[in-house]
Structure formats: C-alpha cells, structure tokens
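Peer 1: A structural model of the following input is requested.
(chains A and B)
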Amino acid sequence: MRETRLWSLHILVIPIIAVLLGMHLAIMHYAPVFYGMSVDKAREYATMLERGKSVAQLVIYMLLLVAGLYHGLYGLRGILRELPLTPTMVKVVDVGIILFGLFIFALGTYVTWWTFNAKLGG
Amino acid sequence: MTDMTTTPREITFRVRRYNPDVDIVPHWDEYRLHVHDGMTVLEALHQLKAEQTPTLAYRSSCRMGVCGSCGMFINDLPMLACQTQVLHLNTDIVTVAPLPNYPNVKDLVPNLEPLIQKHAAIKPFIIHTNSQEIDEPTGEFIQTPDERESISQFTHCIKCGLCLAACPTVATDPLFLGPQALAQAYRYSADNRDCGLKERLAAIDVFHGPYQCHMAGACSQACPKGVDPAFAIQLLKRTLVLDSIGFGKKKSSLAKVMPLADVVKQIEEFAPPPRTVGK
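Peer 2: Down below sits the predicted model:
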C-alpha cells in the first residue's frame, strides 16, 4: 500500500482517538461529574460488567481499540524502521507489527465481547 | 568599543584532516592566519594551502555562492566557505570539517554520491505524457508568471548538499530521501508543465519519503540560497495525499501548448522599431 494512505490514516485517527478517549475519561475517571457516581464505584467489577452490556459501550471501545492500535503501532513501526535494518529485518518488523496488532485486537475484542455477553452475578 | 567582526587579527583554524592512504581516523590540525576584513573561509583555505599546508584538499569553484562546491562544516554548522566571512563568525578559533552525513573522501572533501543518487531517484526533470510533442514540438508549453512564482524558490537549489548535512533525520536514517530530493520532487511535480507525479511515486511515496521528515527545519536554516525545503516537504505531503484520494491536480498536456505560429507573432510584436539611420 502507498505510504501516503498509511500515513493519512495515522493522522485521521487522531481526532477519533481524542473523542473516544474523552468518552472513556468521562465514563471511568469523571464519573462523579457525568454520572453522579464515585470513581471507585465506576471502577467496580460489577459496574464495569453492567456498563459493558450496552451496545454504545461495545462500539466505543471497539473503535478505540482499532484506532489506538493503528495509531500506536504505525508510530512504533516508524521508530523501528529508522534503525539501520537489513531488508529481511524490515520485513520482520512490518509483519511482526501486523501480527502483534492482530493479536492485541483479537484479545481486546474477546474481552469486550465477553463483557457484552456476561451474565451479572454469575 | 572595537567591532570584532571587522578588526583584522590572527585567527586559529582547526582543520579536520584525513588522508585515507595514511590515516586510520581523521585528526585535527591547527594553523594560524592573519585575517583581514571581508576575507572568506574559502580565501583563508586558499592562503593556508598556498603558504602552510599544500596537501590540504577541499572543493571550490565559482567563489560566489553559485556552484555549491565549497560546502563545509564551519564552526559546527553547514555553510558555503565562499559565502562565510571569517571575522563575521566572531570567534578566534574557526573549526572547519567536511560536511557530516556524507562519506569523507579526503580532508574537507565529502563524497556527495548519496545526494546525487537521491536527486536522480526522484526524476528531477519535466515529464510529459505527450511524447510526440516532446519529439517533434509544434510549440512551447506555457507557464504563466503566477505558475512560475508558485515554484520559484524551489528552483533556486544549487545541489550543494548543505541541507542533507544539517538534517537530523538523515543523520539517523541514511535511507531518508532528504530535504534536497524531496523539495525537488515537489518542484517538478508542482510544475504546471509536468505530468510525472505518478512516475515519481515509486521513489517518493515510500517509508523513507516525506513522512519520515521530523520537521526540525534545519535544512531551511542551512540553505545558502534561501530555499525552504521543510516547507516543500509539507507541500509534497499535501500533493501526495490529494493525489491518493483522487483530488490531485489534473494536468492536460495539449492545453498548454502554444502553437509556434503564435510564438513567432509575439516575437514580432516585441521586435525593435525599424531602422531610421544607416539605411
């Protein structure tokens, strides 16, 4: 793929991350302000499971996962590719980062989906 | 109070010497020279070579900041030796070394091969899709003053290589195309007579292309001709992004050809008045 498209996407996800991260902060860290709930209560296991059952929560965290992973791993690739690497090592870095990203995405998806379907009190 | 930038005095020149036939690593030699007002570093090197160290190797040609041959690392900054007055450096010790980020051939002579290779890779010439018009021209390609102005500063590049020597990204990533090549890639791609952006993509739309620029701006500060390569790189990014989403400038070759007949007509219009004396 053309580097321009990869870089453009890297820049485009910045506002998405800013909005979604703002939502995450509102839900988790500013719960007293937005939900009238103490921070400790907002972080409780039961509260998280309850919150995780909403479709909005599922969408917000899945999007944040994808956007954050892409932005972060593209940046990491940029740092690693600046090192004096052989062509083989360049391929290892590119493929390794894609595989690592897919693994974290699968793990994050599993946790989010599991939370969405979890039975309270079970 | 004495103006130190014009007072003639003895200056110590610390020159980095390296002869690959003899030296394993470079070393520094010191020379004392009486410097007068207006004397450039290049003139000082000429005098040192004539009077004190005939084996000193450095490049120079035009002595007026046009050819770009005498790029050197003077007091830890890349500069043209012919444009740098010794007393204006305002120091009693002047260090002179070859340009960094290039292999060293001998003494103050850098190997500019990386510059040339990167410059050639971006196809630094007008690329036209109308090959018939190129082979058998029927006219000239029009460029308005405004179109010329939009790329004007980037045409002033003299390929001295100072920008690559100043670039911190080139220092850590030798494969980075660098400010000179990227600025020229923009200069030609933005030229209204050029249709070659697609042909240049293979060289510039890569990891080591414009997106690797860390925007330090050192290239623009180093350029002796006032070119702003850092700005050109940002403009190149915009060009590439617009092109990648299908909003690039559409260039039609035929629309820009002014028939030769019209050119001749114009020349006649601006011809001198008829002779009235010596008929």
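
Peer 1: okay, helices next: where are they in the chain?
Peer 2: Chain wasn't specified; assuming chain A. With helices called from DSSP state H, chain A shows them at A:3-28, A:31-34, A:39-42, A:45-52, A:55-81, A:87-117.

Peer 1: could you do chain B instead?
Peer 2: B:41-51, B:113-121, B:131-135, B:145-151, B:162-166, B:168-172, B:178-189, B:197-204, B:218-222, B:229-244, B:260-269.

Peer 1: now the farthest one out in chain A, which residue is it?
Peer 2: The outermost residue of chain A, judged against the average C-alpha position, is A:Thr86 (30.9 Å), by CA atoms, centre = their mean.

Peer 1: roughly how far does that one sit from chain B?
Peer 2: 12 Å (CB to the nearest CB, to the nearest Å). For every residue, glycine as well, the C-beta is placed using N, CA and C.

Peer 1: quick one: low-confidence parts of the chain?
Peer 2: No chain specified, so I'll use chain A. A:1, A:119-122 (pLDDT under 70).

Peer 1: sorry, should have said chain B
Peer 2: B:1-2, B:4, B:250-272, B:278-279.

Peer 1: give me the neighbour count for B:Pro103.
Peer 2: 10 (other CB atoms under 10 Å in any protein chain shown).

Peer 1: contacts only, for the residue nearest to it when sequence neighbours are not counted.
Peer 2: Of all residues not flanking B:Pro103 in the chain, B:Asn111 sits nearest, at 4.2 Å (CB to CB, 6 or more residues apart in numbering or on different chains). Taking CB atoms under 8 Å, 6 or more residues apart in numbering or on different chains, we find B:Asn111 in contact with B:102-105.

Peer 1: before we move on, back to that, could the helices of chain B go into TSV alongside distance to chain A?
Peer 2: Listed next are these as TSV, based on distance: least, CB to the nearest CB, whole Å:
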stretch	distance to chain A
helix B:41-51	33
helix B:113-121	14
helix B:131-135	26
helix B:145-151	21
helix B:162-166	16
helix B:168-172	6
helix B:178-189	13
helix B:197-204	7
helix B:218-222	17
helix B:229-244	4
helix B:260-269	38
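
Peer 1: A:Met62 and A:Ile16: what is the separation?
Peer 2: 12 Å (CB to CB, to the nearest Å).

Peer 1: likewise for B:Asp243?
Peer 2: 24 Å.

Peer 1: kindly report the same for A:Gly22.
Peer 2: Between A:Gly22 and A:Ile16 the computed distance is 11 Å (CB to CB).

Peer 1: cool, and A:Ala118?
Peer 2: On the measure of CB to CB, A:Ala118 and A:Ile16 end up 27 Å apart.

Peer 1: ok, B:Gly65 touching B:Cys82?
Peer 2: Yes - with contact defined as CB atoms under 8 Å, B:Gly65 reaches B:Cys82; the gap is 5.9 Å.
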